[in-house]
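> got a sequence here, can you model it:
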Amino acid sequence: RTALSEVQTRILAIAGVHRRLYTSQDIRSVEISDYLASLLRDLEATLKEAGHASTVRLTADAIQVPTDKAVSIGVIVTELVTNAFKYAYPAGTAGDIRVLFRGGADRMVSLAVEDDGIGWTGEGKPQGTGLGSRIVTALARGLGGTLAYGKAGAGCRVSLEFEI
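Coordinates of the predicted model:
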């Protein structure tokens, strides 16, 4: 049941891009802040139904992102936010999970997911099966970026910079 639920959240990320494309005049790109807002609303509702109580906060620049990259971004965000919901805060507690997407110079962008939970630096064995971590690493590489793990206060921060 848990494995099917996790697959469902991955599918939702991709379905969100397709939903945006069907309502867009230009199928070559997706406006990332609207897409992420919609994705995170759906993801947060699904995870809260499963008994997780954290809250997602999004700060994102309105940037047109090529469709193929938007799909990768959506799956990365889905995996990182899902992991934060499941592992960042001890059972019975909740906190904020922040998603940041910022544009920079020369078509560079930065994506970060952070929390104020128990913290993880990317070292050692991930909790769970580790499939989500492998998916995120592969998609980050496909975007031409490298994941960086660090601290966000007491919690965890996973960041990625790449060109769009």
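> apart from its neighbours in sequence, what residue is nearest Val99?
Sequence neighbours aside, Leu58 is the residue nearest to Val99 in space, at 4.9 Å (criterion: Cβ to Cβ, 6 or more residues apart in numbering). Every residue, glycine included, has its C-beta placed from N, CA and C.
> tally of neighbours for the one you found?
By other Cβ atoms under 10 Å, 17 other residues sit near Leu58.
> what segments of this protein are strands?
Taking DSSP state E as the criterion, the chain contains strands spanning 29-31, 55-60, 64-66, 96-103, 108-115, 147-152, 155-163.
> partners of the fifth one, with directions?
When sheet partners are counted by DSSP bridges, strand 108-115 sits next to strand 96-103 (antiparallel), strand 155-163 (antiparallel).
> now that strand against strand 147-152, angle please.
Interaxial angle, strand 108-115 versus strand 147-152 (axes from the mean of the first three to the mean of the last three Cα atoms, to 10 degrees): 50 degrees.
> what's the answer for the last one, then?
Strand 155-163 runs at 140 degrees relative to strand 147-152, counting by the same axes, to 10 degrees.
> buried residues, strand 155-163. List them.
Counting neighbours by 16 or more other Cβ atoms under 10 Å, one finds that the buried residues in strand 155-163 are 155-162.
> pLDDT weak spots in this structure?
Counting by pLDDT under 70, the low-confidence segments of the chain come to 1-26, 121-122, 124-129, 152.
> what ranges do the helices span in it?
Assigned helices in the chain, in chain order: 2-22, 32-49, 67-83, 131-142 (criterion: DSSP state H).
> contacts only, for the nearest residue to Ala88 once chain neighbours are set aside.
If the residues on either side of it in the chain are set aside, Ala88 comes closest to Gly117, at 3.0 Å by Cβ to Cβ, 6+ apart. Contact partners of Gly117, counting by Cβ atoms under 8 Å, 6 or more residues apart in numbering, are 84, 87-90, 95, 154-156.
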